[in-house]
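1. Model the following, please.
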Amino acid sequence: MQRRILVVDDDHDIRSMLRDRLQAMGFVVVTAGDGFVGMEIVKSSWIDGILLDIEMPVMDGLATLQALRRWHAHIPVIMMSADNDPAKLKAAIELGALGYAPKPIDGARLGQQCKHLFG
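-> Here you go, the predicted structure:
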């Protein structure tokens, strides 16, 4: 059974790169450009794991993660960020994120994290 991953990032190039990499690994990938759209996807379809950017307009990653934990606590989440702010990373872990991927994204490493946590 193919696992469904949601990639939520406001950067189109990152979404595309991750979609291509993860599809090549056998995942079904759905993408969203902000947390609000990501939450709508989670509400309407089955998702096995989420890659979630911390810094986004409309609804940032921490607000999205907080909402996810309220309504969909079972979905594992890996946070992504170019900003290595320890306070934000600590907040993400406290909200239930299971992993962290620094930007620029190492596609191979992140793919392995996805296989481990989502596969």
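
2. any idea which helix or strand comes after the strand or helix carrying residue 89?
-> For residue 89, the element it lies in under DSSP states H and E is helix 86-94. Past helix 86-94, heading to the C-terminal end, the next element that is a helix or strand (DSSP H and E) is strand 99-102.

3. Distance from that next one to the middle of the chain?
-> Chain-centre distance of strand 99-102: 10 Å, with C-alpha atoms, centre = their mean, to the nearest Å.

4. next structured bit after it?
-> Where DSSP H and E defines the elements, the next helix or strand beyond strand 99-102 is helix 107-118.

5. same for that following helix, what does it pack against?
-> Using 3 or more C-beta pairs under 8 Å, 6 or more residues apart in numbering; DSSP states H and E as the contact criterion, the secondary-structure elements in contact with helix 107-118 are helix 12-24, strand 49-53, strand 77-81, strand 99-102. The way it works is simple: take the backbone N, C-alpha and C, and place the C-beta from them, glycine included.

6. Kindly calculate the angle that the helix holding residue 89 makes with strand 49-53.
-> Angle between the axes of helix 86-94 and strand 49-53 is 160 degrees (criterion: axes from the mean of the first three to the mean of the last three C-alpha atoms, to 10 degrees).

7. neighbouring contacts of helix 86-94?
-> Here helix 86-94 makes contact (C-beta atoms under 8 Å, 6 or more residues apart in numbering) with 54, 61-62, 65, 79, 81, 100.

8. For it, buried residues please.
-> Taking 16 or more other C-beta atoms under 10 Å as the neighbour-count basis, helix 86-94 is seen to contain the buried residues 88-89, 91-92.

9. quick one on the thing from earlier: any of the contacts of helix 86-94 buried? List them.
-> A residue is treated as buried here by neighbour count (16+ other C-beta under 10 Å); on that basis the buried members of those are 54, 61-62, 65, 79, 81, 100.

10. how about CSV for the residues you listed, with pLDDT added?
-> As requested, the buried ones among the contacts of helix 86-94 are exported to CSV (pLDDT from 0 to 100):
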residue, pLDDT
54, 95
61, 95
62, 95
65, 96
79, 96
81, 92
100, 91
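
11. Please identify which of these is nearest to residue 43.
-> Looking at the buried ones among the contacts of helix 86-94 and their distance to residue 43, the nearest is residue 65, at 15.2 Å (C-beta to C-beta).
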